[in-house]
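*Asks:* Sequence first, then the predicted structure, then my questions.
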Amino acid sequence: MYSTKYIKPNSTSEALEAIKSMGEGKFLAGGMTLIPTLKQRLASPDGLVDISGCDLDSISDEGDTIKIGAMTKHASVAESGLVNEAIPALAKLADGIGDRQVRNRGTLGGSVANNDPSACYPSAVLALKAIVHTNTRSIEADEFFTGMFETALEENEIIEAISFSKPTKANYVKFPNPASRYAMVGVFVAQFNDGVRVAVTGAGEGGVFRHAEMEAALSSNYNADALSALEISSDGLISDLHASPEYRANLIKEMTKRAVV
Amino acid sequence: MTEVTKIDGIGSSVRRTEDKKFLTGKGRYTDDINRPGQVQAYFLRSDVAHAEIKSIDTKAAQSAPGVVGVFTGSDIAADKVGGPICGWVVPCRDGSSTKEPPHPLLAQGKVRFVGDAVAVVVAETMEQAKSAAELIDVDYNELTPVVDFVNADEGAQIHEEVPNNCYFDWELGDESATNKAIESAAKVVKLSVRNNRLVPNAMEPRSALAEYDSLDESYTLHTTSQNPHLTRLVLAAFMFAIPESKLRVIAPDVGGGFGSKIYVYIEEAVCVWASKKIGRPVKWTADRTQAFLTDCHGRDHVNDVQLALDENNKIIGLRVDTVCNLGAYLSAFSVVVPTILHGTLLSGQYDIPAIYTNVKGMATNTVNVDAYRGAGRPEATYLLERTMETAAKEVGMDPAEFRRINFIPKDAFPYQTQVALQYDIGDYEPHLDKAMEMIDYSNFEKRRAEAAKRGMYRGIGMSSYIEACGLAPSAVVGALGGRVGQWESASVRVNPTGTISVFTGSHSHGQGHATTFAQIVADKLGIPMENVEVIHGDTDKTPFGMGSYGSRSLASGGSAISKAVDKIINKSKKIAAHLLEASEDDIDFKDGKFVVGGTDKEKAFGEIALAAYVPHNYPLETLEPGLEENAFYDPTNFVFPSGTHIAEVEIDPATGVVEVVDWAACDDFGNLVNPMIVEGQVHGGIAQGIGQALLEDAHYDENGQLLTASYMDYCMPRADDLPSFKVGYTNTPCTHNDLGVKGCGEAGAIASPPALINAVIDALSPLGVTDMSMPATPQKVWKAIQESQSVAAE
Amino acid sequence: MGEISLKLNGKLETKDVADNTLLIDFIREHVGLTGTHVGCDTSQCGACVIHLDGVSVKACTMLAKQAEGSEIVTIEGLADGDELHPMQQAFHENHGLQCGFCTPGMVMSAVEMVTKNKNISEDEIRKGLEGNICRCTGYHNIVQSVKAGAAKMGG
């Protein structure tokens, strides 16, 4: 790791000041992606601003939504009574991210801000009509993810919390990459009164995406059979050692079927 | 799991004496050791697969913060330091020998694989060394890389000394008799298989710490080695031309090897060299990426098989044409693995009257390929057991029955195969029967039907393997091109109080020698195991030894210990005879006591030990004082473990996921010293075999870049990939060592891949699938199902 | 550079470290406790697992500075004097280790897993060990060890 400076402020405003004082600074959340990146010398920030002391790790019931602080660890979401009660699919997703050590350190905000194409959380954000609250604004999920590793976040903008809408029904099913165990395909299906949302992670060249045809099919009939006749296009799907676009297309359909129960 | 027992002797599952240090964090691996004033070495490695080096500019690096030295191939050449050597060569069909190109410690003029070391930076800290390495400017003239080993003869020549990129073209067996058998056969079963390339991945990455003592001009090297004496021999005699006494090699606790830590690698040699150059201890520890790029890989064969059957489905001939990838340079055992350790195993457990094999070893711009758990024998077993299963299906026989009628009958031992080996003993039907019973083979079709109701394809597959291990009779090794002896040494020192120090030339890196070897001594001397200490891994302490690989530790190392203990007993009898005023012939040794036959006169072993060191009443005129004996054991033959493994799988057709739902292993390892440890070895071997069959694949792209260079892409077996295993045994004790033992370390990795692939194909057979390559990844299996369905639709 | 202070196996450690020092290097190099190992660069092998404020984490994927003020337990701090922790004892009795390199991380993961789930099933154990890679044992005896350890820990 290149030499760098480490600062741990006590509030988001202090964090913003700190990062502005650096040439090129990076926010450090759980560090599950950033630290390995730094270890391999793939980045050389002047400084790291650790936002774990900024009081961003609460979970609250806001009526129609569950609001989760950006620095809430995956393990805390998985174990949260509130989340398990209101959106068990979200708790299940959190409980399947990485391994137990990753879940003990990794955070919601870190995962979402990075928008790794094979991360689990972005699918929940998209499917659960989440609102991403930053220090300056609130961003709707559909506007938030803008491409692989790309988001609507601007420079020096911190995610403070994310509000997830409570669905009538939801589920997340993932097919892990056999080596890395990241999602090779992960599908979050959420049913609301006004329709079904299906978000797919791990598969798209542009990162997480919603699947319009499956949403339409499931909105009219929330049943795995409703998907049987659908042809899932492999256009725009990732091709790598472990899965071709065609195989990923198959997994998208199959994981979605398994999610609809 | 076997029960805890209080008896320490041979055959009991004594809990390991070495465990406590590892369980409390007190293990001492090379990277745990630090020396005052030590500096860190970092190797700048080629990021291109094949190129001429036009120039290397290290000026900026030399003056970077913390740097104490930057060296390149020209510095090594100036000091006339040699490179790693090949320990075993074979003759070629055209009468020439194996082509042995030089392997410089740091690249000289050319780089030949991604990871080839171009320069070394030595600095106060690893971070400083890495930063300085980034300042080195290497100007390459890139050449076309050779990656596809099957067609490597058509690629750009990698070494001047290796025309057509072919290191050797070797053959074994009777070609004309075999071809005749094939021509006259009632049926010829043909199969082409690929043995996928694997990365050994011992969990402890390689590491070296070298220190030079200018006072007596000697070196000490701590290193991650399976055979410290061989490391010393190669470094001293072939690289540095110094007396061996001036180099002490210590392999402390070593975190797994699986073959990858047999060889002398360039990094440890450079550390030794640099420690004198710089005058400070030099340490290097690989990170996992370097391990992927530079540890010798394993396997990487393609085999074309023809199996000739008569009208009764008896095998009458076998021809195997093999091409294998040996990578950029010839590593120590790279040549013997695909030839002697592969071709000689092709008879398997079967009575085959004519066998011929040809093996071409190719050079490519990939890292060296050498021994990995099983080394040649998994490849032989894979092609043979895949072919046996295919043949059984083609002739419409039950695979077990087809094997049974072709087994070498139990009264045919010793059995001379047509590929050089003579099996001393074996009995193959009992382990086949027992494995079938363990997995409830006869009710399999019910389970298949039940799975089908759930939409799952269930399959069963077996593999009856043999291996030749316990390396090895030195004269045979020499006749076959080996350049070392393959005996093993032991020194047994009885201390004055009757406690025992056992010094072994063998090396433990997970196998539990401290326990197993102590059991042998305790059993033979009738003393408690706590009184026996086993010392290994230090060339200044132990006798010259050959180390641990090829499942040789117990059969060769254990036999050496047994022999040394016999000498102790013989001498003790003389001492006892004197003390008991009896004739030596009348002394019986039993339960740790020397007794005058037919009397109650006796001396305990401890009393004899004391008398030997305090020889006040002692036959000094005819017997030396002291009680310490050496033994060098050179086996008269290989040992031949055998067994049958049966795998049962379920395949989800929607995803192609193969789940291993059951596993039965029944092995004949001869006598077992510690069944608990043996079972652990079997488990570990099976896991690596399942890894090969379902998960692992080292993949280079066409530019010679290793795409699977981390655990993000190289699929290591994890706990939830594997089932629990049923393990059982049969026993035909080895006829030519005193302990009656064979070897157990590699069996699981040898037996399991064909059993598993056979099961996968069996599961998919209702769909018409007849072949599957390793690893059978979900994507590959899914694709095979899709293709079979589209064929069915047409 | 800057001072950090934390409790390591019950003992207060205060040291000057560079900001980019990893927690694993702090433990191994600065304090000299070498029982915690490094087996990969991508946070997957789990040889470096320790307990940080009661939960298992990978010490290779944290800066030492991030652990300021925390309580850390490493494999060296698990036994009670000469008496092995029940999980250590279970690994010994069930031959849950061979070369020993992954063992410290395995044991630390196992202890946390069982602490949270005393009646842990075999499937849960296998799933729970996702972040720990062993190349020697085939996991069979590790799973048996964790089961036995769970029973000893009051499951």
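*Replies:* Perfect, thanks for sending it.
*Asks:* B:Asn195: what secondary structure?
*Replies:* Of the three states, B:Asn195 takes strand according to DSSP: H, G, I helix; E, B strand; the rest coil.
*Asks:* List the beta-bridge partners for it.
*Replies:* With DSSP bridges as the criterion, the beta-bridge partners of B:Asn195 are B:His301.
*Asks:* where does it sit relative to C:Asp80, distance-wise?
*Replies:* Distance check for B:Asn195 against C:Asp80: by C-beta to C-beta, to the nearest Å, it reads 49 Å. Just so you know, the C-beta spots here come from the backbone N, C-alpha and C atoms, and that holds for glycine as well.
*Asks:* Same drill for these two, tell me which one is more crowded.
*Replies:* For B:Asn195 versus C:Asp80, the count of surrounding residues by other C-beta atoms under 10 Å in any protein chain shown is larger for B:Asn195: 25 against 8.
*Asks:* Quick check: that one touching B:Tyr382?
*Replies:* Yes - here B:Asn195 reaches B:Tyr382: they are 5.8 Å apart, a contact under C-beta atoms under 8 Å.
*Asks:* Find the residues that touch each one of the two.
*Replies:* Residues touching both B:Asn195 and B:Tyr382 (C-beta atoms under 8 Å, 6 or more residues apart in numbering or on different chains): B:Met774.
*Asks:* which residues are there in the stretch 101-250 of chain A that come within reach of chain B?
*Replies:* Within the stretch 101-250 of chain A, the residues that sit near chain B (C-beta under 8 Å from any C-beta of the partner chain) are A:175, A:178-180, A:241-244, A:247, A:250.
*Asks:* just those residues now: which is nearest chain C?
*Replies:* A:Ser180 (7.5 Å; C-beta to the nearest C-beta).
*Asks:* and that closest one, what is it in contact with?
*Replies:* Under the criterion of C-beta under 8 Å, 6+ apart, the contact partners of A:Ser180 comprise A:118, B:711-713, C:44.
*Asks:* Return the member of the residues you listed nearest to B:Glu746.
*Replies:* Looking at the contacts of A:Ser180 and their distance to B:Glu746, the nearest is B:Tyr711, at 23.9 Å (C-beta to C-beta).
*Asks:* three-state assignment of that closest one?
*Replies:* In three-state terms, and counting by three-state DSSP, B:Tyr711 is coil.
*Asks:* and what of B:Val68?
*Replies:* Using three-state DSSP, the structure places B:Val68 in strand.
*Asks:* Tell me how many other residues crowd it.
*Replies:* Applying the criterion other C-beta under 10 Å, we find 19 residues in the vicinity of B:Val68.
*Asks:* can you check the one 3 residues further on too?
*Replies:* By the measure other C-beta under 10 Å, the count of residues near B:Phe71 is 22.
*Asks:* how about low-confidence regions in chain B?
*Replies:* B:1-7, B:792-794 (pLDDT under 70).
*Asks:* What lies in contact with stretch B:386-404?
*Replies:* For stretch B:386-404, using C-beta under 8 Å, 6+ apart, the contacting residues are B:187, B:189, B:191, B:193, B:305, B:307, B:309, B:313, B:348-350, B:406, B:429, B:432, B:436, B:441, B:461-462, B:464, B:754, B:757-758, B:761-762, B:765, B:770.
*Asks:* what's the span of that stretch, first residue to last?
*Replies:* Stretch B:386-404 has an end-to-end distance of 16 Å (C-alpha to C-alpha, to the nearest Å).
*Asks:* A:Met71 and A:Ser111, how far apart?
*Replies:* Counting by C-beta to C-beta, the separation of A:Met71 from A:Ser111 is 11 Å.
*Asks:* likewise B:Thr58?
*Replies:* The gap separating B:Thr58 from A:Ser111 is 42 Å, by C-beta to C-beta.
*Asks:* B:Leu579 now?
*Replies:* For B:Leu579 relative to A:Ser111 (C-beta to C-beta), the value is 78 Å.
*Asks:* higher neighbour count, the two?
*Replies:* For B:Leu579 against A:Ser111, the residue with the higher neighbour count under other C-beta under 10 Å is A:Ser111, and the figures read 27 against 18.
*Asks:* ok, the more buried one touching A:Ser123?
*Replies:* No - the pair A:Ser111 / A:Ser123 is not scored as a contact, 10.8 Å apart, by C-beta under 8 Å.
*Asks:* which residues in chain C form helices?
*Replies:* C:23-25, C:86-93, C:103-116, C:122-128, C:140-152 (DSSP state H).
*Asks:* Please apply the same query to the stretch 51-200 of chain B.
*Replies:* B:59-62, B:73-78, B:126-133, B:175-184 (DSSP state H, counting those that start in this stretch).
*Asks:* next one: chain A
*Replies:* So, for chain A - with DSSP H - the helices run A:12-20, A:34-39, A:74-79, A:81-86, A:88-95, A:100-105, A:108-114, A:121-127, A:141-144, A:212-220, A:245-259.
*Asks:* Out of those helices, which is closest to B:Ser275?
*Replies:* Counting by C-beta to C-beta, and looking across all of the helices of chain A, nearest comes helix A:34-39 at 27.3 Å.
*Asks:* Off-centre distance for the closest one?
*Replies:* Taking C-alpha atoms, centre = their mean, to the nearest Å, one finds the center of helix A:34-39 at 19 Å from the center of the full chain.
*Asks:* Just confirm yes or no for it near chain C.
*Replies:* Yes - contact between helix A:34-39 and chain C is present through A:35-36, A:38-39 (criterion: C-beta under 8 Å from any C-beta).
*Asks:* Count the neighbours of the residue in chain C positioned nearest to chain B for me.
*Replies:* Taking C-beta to the nearest C-beta as the measure, the point where chain C comes nearest chain B is C:Gly35, at 1.9 Å. The burial count assigned to C:Gly35 is 27, neighbours taken as other C-beta under 10 Å.
*Asks:* and it, what pLDDT?
*Replies:* C:Gly35 is assigned 98 on the pLDDT scale.
*Asks:* same question, the one 5 residues further on
*Replies:* Taken from the predicted model, the pLDDT recorded for C:Cys40 is 96.
*Asks:* Any figure for the gap between it and B:Asp253?
*Replies:* When distance is defined by C-beta to C-beta, C:Cys40 is 19 Å away from B:Asp253.
*Asks:* how does the chain divide into domains?
*Replies:* Picked chain A for this. If the domains of chain A are taken from automatic domain parsing, they occupy A:5-52, A:59-165, A:169-259, with pieces of a single domain joined by a plus sign.
*Asks:* could you do chain C instead?
*Replies:* Residue ranges for the structural domains of chain C, counted by automatic domain parsing, are given in the record as C:2-77, C:86-152.
*Asks:* Can you tell me which of these is most buried?
*Replies:* For the domains of chain C, the largest average neighbour count (mean count of other C-beta atoms under 10 Å in any protein chain shown) is found in domain C:86-152, namely a mean of 24.
*Asks:* Cool, thanks, talk later.
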